[in-house]
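Kindly generate the corresponding structure for this input.
(one chain, ligands or ions: 1)
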Amino acid sequence: MSKHSQDTSPADQLSALATHYEQAQHWQLSTLFDSDSKRFDRFSFEAAGLFLDFSKNHINDQTISLLTDWARACQLEEQRDAMFRGEAINTTEGRAVLHTALRLPSNAKCIVDGKDINQDIQSVLARIDTFSAAIRSGSWQGYSGKRITDIVNIGIGGSDLGPAMTCAALRPFVQTDLRFHFLSNVDGHDIDAKLNGLQPETTLFIIASKTFTTQETMLNAHAARDWFLQNGSLSSLAQHFVAVSTNAKAVAAFGIDTNNMFPFWDWVGGRYSIWSAIGLPLAIAIGMQHFREFLAGAHAMDKHFQQAPLERNMPVILALIATWYRQFFQTSSQLIAPYHQDLQLFPTYLQQLEMESNGKRVTRDGKAINSPTAPIIWGSAGTNGQHAYFQLLHQGTDAIPVDFITALKPSHTHHQQHQALLANCFAQSEALMRGKSEEEVRIDMQAQQQPEEKISALLAHKHFAGNRPSNTLLLEKLTPTSLGALIALYEHKVFVQGVLWDINSFDQWGVELGKILANRILSELEPQAEIGKHDSSTSGLIAKARQAS
Ligand code: G6Q
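Reported below is the predicted structural model:
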């Protein structure tokens with residue numbers, strides 16, 4: 001920490017960083033490695049069971065010092081502590097942000113407005129425990145006396161992505177005689193695809209909606225109810241439909257017994273809700289003991305985030321480096337590359353977490369932000385991406401920072417595949433960083449006795465500029481504990497970036513306009529309905545749909 005970083009303004013720190021960038025933009029990553037044999041040791045550390053190598057980045061000690069000074073000047077530590085204390089930091093919705101309380105140890109206290117909210121949390125967890133155990137053991141039966149074999153989660157956004165991603169990620173821990181399905185899209189094709197082959201007598205529906213008013217979820221829940229009632233009776237609905245919501249009134253109006261409703265609270269944001277009753281499908285899938293390990297993994301990361309110095313604080317380092325690129329190198333996207341097939345949905349999950357949280361252009365006070373904010377988050381499981389879009393990473397015109405994520409120990413016995421997976425993961429970050437000079441291409445081609453004419457023609461095509469940055473995150477193994485820590489790591493990374501940009505990371509007003517217009521257009525799609533005023537494109541499309549119906 002430089003002497004007065006807490007007393008200087010964020011603007012001062014940014015201008016110091018801008019001056020530093022004048023040099024840093026010319027650094028070659030390969031030279032940084034060649035001139036410092038200890039670079040890996042200096043720019044890597046372990047936290048909450050995860051290991052982060054951030055050495056392949058355009059940073060040196062001074063960069064980290066300037067970036068952490070900037071974070072201090074933005075009062076990161078104070079704002080972090082305010083979140084954990086339960087202050088209403090989601091100012092536009094007047095809400096506290098307390099997903100971290102959901103993963104506290106059972107005996108911890110979390111006093112908010114004079115009340116220990118952990119008592120409520122633990123009592124919901126106890127109900128999840130009882131219910132999930134009953135489904136897993138088969139003591140909870142469908143209307144014909146058979147055990148439940150298929151669980152369909154109906155929800156969207158934060159009420160879908162967390163359960164879907166985690167159930168996929170923890171596949172080896174899922175009870176083998178249970179199948180999980182995630183119905184989210186308001187698209188009949190999705191309903192048909194998900195319900196096809198299911199038997200009403202052995203199917204449980206979890207209607208997951210914080211508000212219990214979301215159009216897609218409500219339409220799909222009613223479709224599922226109708227499908228069920230073709231065979232089952234109204235009186236048996238309680239054995240086949242449960243709800244996860246904050247809205248008991250709407251749950252009862254839908255016809256679900258509120259005894260079968262698992263509540264959560266308005267201080268749990270949708271995209272931060274996997275730790276709440278929204279995690280019910282995961283608890284059923286992996287059992288309560290594993291679900292508690294998942295919560296404990298996240299809690300370990302919470303402690304690290306609260307206690308570690310900023311220079312050795314994993315979410316802080318991830319956030320600072322990502323913001324360094326976005327703000328100064330003007331990178332526009334960030335690739336998430338999990339080299340673990342079970343993490344295939346993790347990039348999609350992070351897409352919501354980062355882009356919905358920090359895809360904003362005004363500060364918490366509503367003033368315009370003069371720098372780029374959240375980048376585009378994208379990605380899919382490696383090695384598949386290597387045979388598709390990695391070409392652009394290596395030789396395209398944009399530099400795209402990558403987070404490689406892999407596990408040192410697999411949950412399978414295919415040793416050769418595992419070694420090949422790791423080799424590819426490490427090779428990609430090396431290739432992106434080091435590249436291949438024209439001279440190296442020439443030497444290779446000459447060694448293969450290629451004619452000079454061909455060498456000249458292909459030199460530019462086979463050249464890799466390199467100097468492309470990445471982080472590598474290593475998990476010992478993908479387990480409930482390490483997955484919990486991994487998700488919490490990115491949650492806090494997003495929080496830190498929100499602080500740096502002075503964004504409210506916990507609202508999402510940008511999704512409202514489309515919802516309102518969709519409702520208006522919905523009524524206009526009816527054949528006789530009057531079509532309101534639209535641009536010619538929208539009116540033309542509505543007319544086309546009406547002609548086709
Ligand atoms: C998440 C968002 C959003 C939300 C969905 C579903 O942070 O708020 O993705 O989770 O719109 O909302 P409901 O749970 O209320 O149906």
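
The closest residue to Ala308 other than its chain neighbours: how many residues sit nearby?
Distance criterion CB to CB, 6 or more residues apart in numbering; nearest residue to Ala308, sequence neighbours excluded, is Ala47 at 6.6 Å. Using the backbone N, CA and C atoms, a C-beta is placed for each residue, glycine as well. Neighbour count for Ala47, taken as other CB atoms under 10 Å: 20.

surely Ala47 meets Gln306?
No. Shown here, Ala47 and Gln306 do not form a contact pair, counting by CB atoms under 8 Å, at 11.7 Å.

what does the host helix or strand of Ala337 rub up against?
Using DSSP states H and E, Ala337 maps to strand 333-339. Residues outside strand 333-339 that contact it (CB atoms under 8 Å, 6 or more residues apart in numbering): 322, 325, 344, 346-347, 350, 354, 375-383, 385, 393, 398, 400-406, 421-422, 424-425, 428.

again, only using 6 Å
346-347, 350, 375-377, 379, 381-382, 400-406, 421, 425 (CB atoms under 6 Å, 6 or more residues apart in numbering).

Pull out the buried positions in the helix or strand hosting Asp81.
Using DSSP H and E, Asp81 falls within helix 76-85. Neighbour counts using 16 or more other CB atoms under 10 Å place 76-77, 79-80, 83 of helix 76-85 among the buried residues.

Which of those sits closest to the ligand?
For the buried residues of helix 76-85, the minimum distance to the ligand (CB to the nearest ligand atom) is 15.7 Å, reached by Met83.

wait, doesn't Phe173 sit right on Ala285?
No. Under the criterion of CB atoms under 6 Å, Phe173 lies out of contact with Ala285, with a separation of 7.5 Å.

Quick check on these two: which one has the bigger neighbour count.
Each of Phe173 and Ala285 has its neighbours counted (other CB under 10 Å); Ala285 has more, 26 against 20.

Against the ligand, how distant is the nearest residue to that one once chain neighbours are set aside?
Leaving aside its chain neighbours, Ala285 sits nearest to Val174 (4.5 Å; criterion: CB to CB, 6+ apart). Look at Val174 and the ligand: by CB to the nearest ligand atom, to the nearest Å, they are 23 Å apart.

same deal with Ile369?
For Ile369, the distance to the ligand - CB to the nearest ligand atom - is 20 Å.

try Asn118
Noted for Asn118: a distance of 23 Å to the ligand, by CB to the nearest ligand atom.

hang on, isn't that residue packed against Pro105?
No. Counting by CB under 6 Å, Asn118 does not reach Pro105; the two are 8.7 Å apart.

out of those two, which sits in the more crowded spot?
Higher neighbour count among Asn118 and Pro105: Asn118, with 20 against 11, using other CB under 10 Å.

May I have the residues that are in contact with the spatially closest residue to the more buried one that is not a sequence neighbour?
Distances taken as CB to CB, 6+ apart put Cys110 closest to Asn118, at 4.7 Å, once the chain neighbours are dropped. Contact analysis of Cys110 by CB under 6 Å, 6+ apart lists 101, 104, 117-118.

Now rank those by neighbours and give me the top one.
Of all the contacts of Cys110, Ala101 has the most neighbours under the rule other CB under 10 Å, reaching 26 neighbours.

Backbone dihedrals for the closest residue in space to it that isn't next to it in sequence, please?
Leaving aside its chain neighbours, Ala101 sits nearest to Cys110 (4.5 Å; criterion: CB to CB, 6+ apart). Per-residue torsions, Cys110: phi -140, psi 90 (degrees, to the nearest 10).

ok, now Asp150?
With angles defined as degrees, to the nearest 10, Asp150 sits at phi -130, psi 130.

Would you confirm that it contacts Gly197?
No. Counting by CB under 6 Å, Asp150 stays clear of Gly197, with 8.8 Å between them.

Which one of those two is surrounded by more residues?
Asp150 (18 against 9).

which ones are touching that one?
Contact analysis of Asp150 by CB under 6 Å, 6+ apart lists 179, 198, 203.

again, only this time at 7 Å
179, 181, 198, 202-203 (CB atoms under 7 Å, 6 or more residues apart in numbering).

in the stretch 401-549 of the chain, what residue is nearest the ligand?
For the stretch 401-549 of the chain, CB to the nearest ligand atom, closest residue to the ligand: Gln508, 5.2 Å.

Against Val494, how distant is the closest residue to that residue other than its chain neighbours?
Excluding the flanking residues, the one nearest Gln508 by CB to CB, 6+ apart is Glu356, at 5.1 Å. Glu356 is 9 Å from Val494, where distance means CB to CB, to the nearest Å.

who has more neighbours, the two?
Between Glu356 and Val494, Val494 has the larger neighbour count (other CB under 10 Å), namely 26 against 22.

which SS class is the more buried one?
Under DSSP: H, G, I helix; E, B strand; the rest coil, Val494 falls in the helix class.

Tell me the pLDDT of it.
With respect to pLDDT, Val494 scores 98.

name the element the closest residue in space to it that isn't next to it in sequence belongs to?
For Val494, ignoring the flanking residues on the chain, the nearest one in space by CB to CB, 6+ apart is Ser357 at 4.8 Å. Assigned by DSSP H and E, Ser357 falls within helix 346-358.

hmm, who's touching that helix?
For helix 346-358, contacts defined as CB under 7 Å, 6+ apart pick out 157-158, 161-162, 165, 169, 271, 336, 338, 373-374, 377-380, 490-491, 494, 497-498, 501, 503, 505-506, 508.

Over to stretch 47-60?
Outside stretch 47-60, the residues within contact range by CB under 7 Å, 6+ apart are 24, 27, 29, 39-40, 43-45, 297, 300-301, 304, 308, 314, 317, 321, 429, 433, 469-476, 481-482, 485-486, 489.

Ok, stretch 61-71 next?
By CB under 7 Å, 6+ apart, the list of residues contacting stretch 61-71 reads 1-2, 5, 10, 13-14, 16-17, 20, 24, 310-311, 316, 320, 324, 496, 500.

let's go with 8 Å and repeat that
Contacts of stretch 61-71 (CB under 8 Å, 6+ apart): 1-2, 5, 8, 10, 13-14, 16-17, 20, 24, 42, 59, 310-311, 316-317, 320-321, 323-324, 496, 499-500.

Which of these are buried, as a ChimeraX select command?
ChimeraX command restricting these to the buried ones, with burial defined by 16+ other CB under 10 Å:
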select :5,8,10,13,14,16,17,20,24,59,310,316,317,320,321,323,324,496,499,500
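
And the next helix or strand past the lowest-mean-pLDDT helix or strand in the chain?
Among the helices and strands of the chain, strand 111-112 carries the lowest confidence by mean pLDDT, DSSP states H and E, at a mean of 91. Proceeding N to C from strand 111-112, the next assigned helix or strand is strand 115-116, under DSSP H and E.

ok, that following strand: who's next to it in the sheet?
Partners of strand 115-116 in the sheet, by DSSP bridges, are strand 111-112 (antiparallel).

Tell me how far the residue nearest the centre of the chain lies from the ligand.
The chain has Leu350 as the residue nearest its centroid, 2.3 Å off, counting by CA atoms, centre = their mean. Between Leu350 and the ligand the computed distance is 13 Å (CB to the nearest ligand atom).

What of Ala374?
Distance from Ala374 to the ligand, by CB to the nearest ligand atom: 14 Å.

again, but for Phe241
16 Å.

my read: that residue touches Asn260, true?
Yes. With contact defined as CB under 8 Å, Phe241 counts as touching Asn260 (7.1 Å).

Between these two, tell me which one has more neighbours.
The residue with more neighbours, out of Phe241 and Asn260, is Phe241; 24 against 18, by other CB under 10 Å.

ok, the more buried one - contacts?
Taking CB under 8 Å, 6+ apart, we find Phe241 in contact with 204-205, 207, 224-225, 228, 255-256, 260.

Could you rerun that using 10 Å?
By CB atoms under 10 Å, 6 or more residues apart in numbering, Phe241 lies in contact with 154, 203-207, 221, 224-225, 228, 232, 251, 254-257, 260.

Mind pulling the model confidence for it?
For Phe241, pLDDT reads 97.

What about the contacts of helix 346-358, which are in helices?
161-162, 165, 169, 490-491, 494, 497-498, 501 (DSSP state H).
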